[in-house]
Structure formats: structure tokens, C-alpha cells
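Asker: coords please:
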Amino acid sequence: MKTGFAMSAALAAALIVIAAARGHEQHGPHGYSAGEPGDPKQPSRTIEVLLSEMEFTPARIDVKRGEQIRFVLRNTGKEDHEFLLATKKENLKHAAVMKKHPHMEHDEPNGTRLAPGKTTELLWRFSKRGTFEYSCLIPDHREFGMTGHVSVK
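Answerer: Have a look, this model is predicted:
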């Protein structure tokens, strides 16, 4: 009996982990909401984004549809921060999952988590018009104002 219970518990734990991982996906059968991962062989414009305590600098970015951006992300704060590019609705949904799993790490083409003092790059092609959001979804960071917007014309 113990073996059956242990296997059931392990299966339940695995399903919880899978559900949490799926909760932070920002893409579906038609790709990502804000465009698609960039192609390093194509030209791009570089935009540096600073992640500090409860703000992004710049907090607003304008791009043209089809433009490829190389985001250089620098955590100048004293805490871990995230940059997750999606729609506001998707980020709010993900934020709810993050409250349950605050140490969830991201290694997606549209997002990353950075420790203090670290820098990374994210290459993104904005193939869809609209206004998209980048947020830090570590619990309470978004609520304290750690959001930014990309307007694609």
C-alpha cells in the first residue's frame, strides 16, 4: 500500500509542477502574443532596460511592426527582478501563478529572471500591432508599479 500511495503522491507532485510551468507560458498554438523570438542573423535596434526597485527604465518603448529589438536587460536593483513580455491579461494570469510559486524561474524567449547586478539580452521581433506589457511578476513587484509598455505601430 505504501508504494501505491508514494507513487500517487509523486504523480500528484509532478502534475502540480507541470501545471505551474504551463501557467507561465505566454504562447499558444499561434505563437507568442507580442510577436516572436528574434533572429540573431537579422539587424536589430538595441534598447537598454534597467530593472531597479519597482520600476523599469524606460517604462515606455515605441517600435514599428516588423522591427527586431535586442533588449539589454540590467538589474540595477538589490533584489531579483523579471522581465516578461506579453499582454496585460497574460501577465496578470501569470502573476497569480507566481504568487503560489514565487521562486519560479523563466527561461523563455519572451522573459527572464535576473539576480542583482546581472545583465542579459533578449532578442524579439514585434510582428503584431498593439500595446504589450513587460512586467516583473515576482509577488508584489507588479503591484508596486514594476511594469512597462511597448507600443507597436
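
Asker: List the contacts of S135.
Answerer: S135 sits next to E82, F83, L84, N91, A95, H141, R142, M146, T147, G148 when contact means Cβ atoms under 8 Å, 6 or more residues apart in numbering. In short, each C-beta sits where N, CA and C put it, glycine included.

Asker: oh sorry, the question was meant for I61
Answerer: Counting by Cβ under 8 Å, 6+ apart, I61 has contacts I47, I69, G148, H149, V150, S151.

Asker: For the spatially most central residue of the chain, give me the pLDDT.
Answerer: The centroid of the chain falls nearest to L84 when counting by Cα atoms, centre = their mean (1.9 Å). For L84, the pLDDT comes out at 94.

Asker: So which residues of this protein form helices?
Answerer: Along the chain, counting by DSSP state H, helices occupy 2-23, 88-100.

Asker: ranking those helices by mean pLDDT, which is last?
Answerer: Among the helices of the chain, helix 2-23 carries the lowest mean pLDDT, a mean of 42.

Asker: returning to what we had before: there's contact between the residue nearest to the centre of the chain and G111 in this structure, I believe.
Answerer: Yes: assessed by Cβ atoms under 8 Å, L84 is found in contact with G111 at 3.6 Å.

Asker: now the contacts of I61 as CSV including neighbour count, pLDDT and distance to F132?
Answerer: Listed next are those as CSV, based on neighbours: other Cβ atoms under 10 Å; pLDDT from 0 to 100; distance: Cβ to Cβ, whole Å:
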residue, neighbour count, pLDDT, distance to F132
I47, 15, 98, 14
I69, 21, 98, 11
G148, 21, 98, 10
H149, 16, 98, 7
V150, 21, 98, 5
S151, 13, 98, 8
